[in-house]
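Student: Fold the following and give me the result.
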Amino acid sequence: MTTIADEFLVATEDKVFDRDHRRILNYNIGKYDVAVERGLSRIANLENAKRKAHMIKWKVMENLDKFLPEFELNFQRRGGKVIWANDYKEAQAEILQIMQRAGAKTVVKSKSMVTEEIHLNEFLESHQMESLETDLGEYIVQLLGQPPYHIVTPAMHLSKEDIAKLFHERFDTPIDATPEQLTQKARELLREKYLAADVGITGANFLIADTGSIAVSENEGNARLCTTFPKIHVAIVGIEKIIPSMADLDLFWPLLSTHGTGQNLTVYNSILSGPRQPGETDGPEEMYVILLDNGRTNLLAQKEQRQGLYCIRCGACLNACPIYKNVGGHSYNTPYSGPIGSVITPHMRGMEDFKHLSYASSLCGNCSEVCPVKIEIHKMLLLNRRDAVKEGLVTRKERWGWKLWKKGMLSRKMMDFFSGKTKNRILNRYFKKSWGHFRAMPNVAEQSFSKLWKEKNKGVEE
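Tutor: Sure, this is the predicted structure:
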């Protein structure tokens, strides 16, 4: 087992028995469930909408080599610049080059999982540049020195009391400050940062091929400030975020917001098509879009699993997953946690190091049920497990164990060879420490059902 897998087991064991963590998580996800149920009830023909979204994303992934150049051409026509980055190091280097060329020292960031993926904050700080999160949840976890806990809700693991305590220690606000007071304090602290920042960095929810635009959804208005005040705007976007047409937003915006937060639409939805044009009063003087691969083409090459690239990052599968609800987001040790993270991370960061995530699932299928683009997530997890075995990434003990189990299960004679007492002795001898660590071990009956049936029907003619 790899070191990363060992760390996962230690972290999950710690969180599973943390009652306060579970209480906060259940409370926050409970509020989400109520909002989403109400929001989904307002969508007519939800299943048809999900099927249509699935087909559009299928079309895009099968023709990615056509849609990405189309986006690049249309974006450049309006004065924007497109940069292709094969991996996170190339993305980091390109951003550093942009900032050094402009003599920039300060960055304001809106919420972006892809910037977490390339470790942007840590990278810029190592070059003596300030990178400040402006989304309230991201700002809170940045103050704590933690990564985001959830794809949509970065501070889901914290209660309002936890946040009040943090602000009291950092900014001397009242220890019993209300959420409204804490938000007001964050606004005061961040407002001057927007005005002074040299560069604004965002992600994008969608890349729009036919207009060469990026679409950004948010609820706080901070992304608009990040893209308006600084002279330079850099958007870092995974290549899978492309959609064919502006008209497709009519489908994807409601699906994203309703599955993400239960809203009909998020409060702010921006479409950005390049730097400030002649006659326009606001916007950046320069705008860059960095198209990031960073392992996505590895997943694209897997015909059966490329569905993972359809994901629109709504976070619905995390909130539905019984494993995520127990072990929490930080245990996964990857920006993309929960079921979808367990599908894509082994391909993006290496099957050998992250195959264990595909086993962190009950395979209940709830993740697939709630997905707005109908990704068969639980099936993808099984396919990842299959690939790990095919690539020889399982231990010899595991391989031989399953071979013996299969041989025994396929032979009634072998299954009935040992008595129930012997079977219980074998189970307790070899599986007590692993399987039985937190579980009651099964108690095998002295006689199998097959033997009981034969005895009951002894002498009865067939």
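Student: Strands along the chain, start to end?
Tutor: 81-85, 106-109, 130-133, 199-202, 206-208, 213-218, 232-238, 242-243, 268-272, 286-292 (DSSP state E).
Student: looking at these, which is buried most?
Tutor: Among the strands of the chain, strand 199-202 has the highest mean neighbour count (mean count of other Cβ atoms under 10 Å), at a mean of 27. Bear in mind the C-beta positions are built from the backbone N, C-alpha and C, glycine included.
Student: Provide the strand pairings for it, with the direction of each partner.
Tutor: strand 106-109 (parallel), strand 232-238 (parallel) (DSSP bridges).
Student: which one of those strands lies closest to residue 333?
Tutor: Of all those, it is strand 232-238 that lies closest to residue 333, at 19.5 Å by Cβ to Cβ.
Student: quick one, what contacts residue 94?
Tutor: Taking Cβ atoms under 8 Å, 6 or more residues apart in numbering, we find residue 94 in contact with 83, 85, 290.
Student: In JSON lines, list the strands of the chain along with mean pLDDT and distance to residue 299.
Tutor: Below are the strands of the chain laid out as JSON lines (pLDDT from 0 to 100; distance: least, Cβ to Cβ, whole Å):
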{"stretch": "strand 81-85", "mean pLDDT": "98", "distance to residue 299": "16"}
{"stretch": "strand 106-109", "mean pLDDT": "98", "distance to residue 299": "26"}
{"stretch": "strand 130-133", "mean pLDDT": "97", "distance to residue 299": "28"}
{"stretch": "strand 199-202", "mean pLDDT": "98", "distance to residue 299": "24"}
{"stretch": "strand 206-208", "mean pLDDT": "98", "distance to residue 299": "17"}
{"stretch": "strand 213-218", "mean pLDDT": "98", "distance to residue 299": "22"}
{"stretch": "strand 232-238", "mean pLDDT": "98", "distance to residue 299": "11"}
{"stretch": "strand 242-243", "mean pLDDT": "98", "distance to residue 299": "15"}
{"stretch": "strand 268-272", "mean pLDDT": "97", "distance to residue 299": "27"}
{"stretch": "strand 286-292", "mean pLDDT": "98", "distance to residue 299": "13"}
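Student: Turn these into a markdown table, columns for distance to residue 52.
Tutor: A markdown table is the format used below for the strands of the chain (distance: least, Cβ to Cβ, whole Å):
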| stretch | distance to residue 52 |
| --- | --- |
| strand 81-85 | 28 |
| strand 106-109 | 33 |
| strand 130-133 | 34 |
| strand 199-202 | 27 |
| strand 206-208 | 15 |
| strand 213-218 | 18 |
| strand 232-238 | 22 |
| strand 242-243 | 12 |
| strand 268-272 | 20 |
| strand 286-292 | 25 |
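Student: I'd like to know which of these lies nearest to residue 409.
Tutor: Of all the strands of the chain, strand 232-238 sits nearest to residue 409, with 42.4 Å by Cβ to Cβ.
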